[in-house]
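Q: here is the input, now give the coordinates:
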Amino acid sequence: MVFRNPSTIHKPIGSYSHQAEVSGNAKWLVMSGQVGMDKDGNLPEDPIKQLEIALDNVLLNLEAAGMSKKNLVKLVFYFACKLDATQRRSVVGSKLEGLQPCSTVIYVAGLATDALKVEIDAWACSE
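A: Predicted coordinates for the structure are as follows:
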């Protein structure tokens, strides 16, 4: 897998790559939206805590599939509330340890329940 930021378009405005190229016989993992609820069903009110748990859930899904964060291709973040961009980037950067998969951030009116403030779609592959 090769991540690129073509010189013909603007530089990424955050910690992500504009594109990821996958070649060969790849094993793909597509996850349902991961929310900020822990294994025991606890859902904190704080959206930053929900973001941390949702990212942990993405990483746990990767582990269950025999993959790691290095296999992430794309993350789509859905937020049902405003989050401080600096704080959000800090959490994501810390969890991904500098990896920069393709990424999209979308603010929405709501998620499956009013208590959910964060949901993450994730795609991963191993070549």
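
Q: so the residue nearest to the spatial centre of the chain, which state does it fall into?
A: In the chain, the centroid-proximal residue (C-alpha atoms, centre = their mean) is residue 75; its distance is 3.7 Å. Following DSSP: H, G, I helix; E, B strand; the rest coil, we place residue 75 in the strand state.

Q: flag every buried residue along stretch 36-45.
A: Buried residues in stretch 36-45, defined by neighbour count with 16 or more other C-beta atoms under 10 Å: 36-37. (Glycine included, C-beta is placed from N, CA and C.)

Q: other residues contacting that stretch?
A: Taking C-beta atoms under 8 Å, 6 or more residues apart in numbering as the criterion, the residues outside stretch 36-45 that touch it are 35, 47, 49-54, 56-57, 115-118.

Q: just the buried residues of those residues.
A: 35, 47, 49-54, 57, 116-118.

Q: among the residues you listed, which are located in strands?
A: Filtering the buried ones among the contacts of stretch 36-45 for membership in strands, criterion DSSP state E, returns 35, 118.
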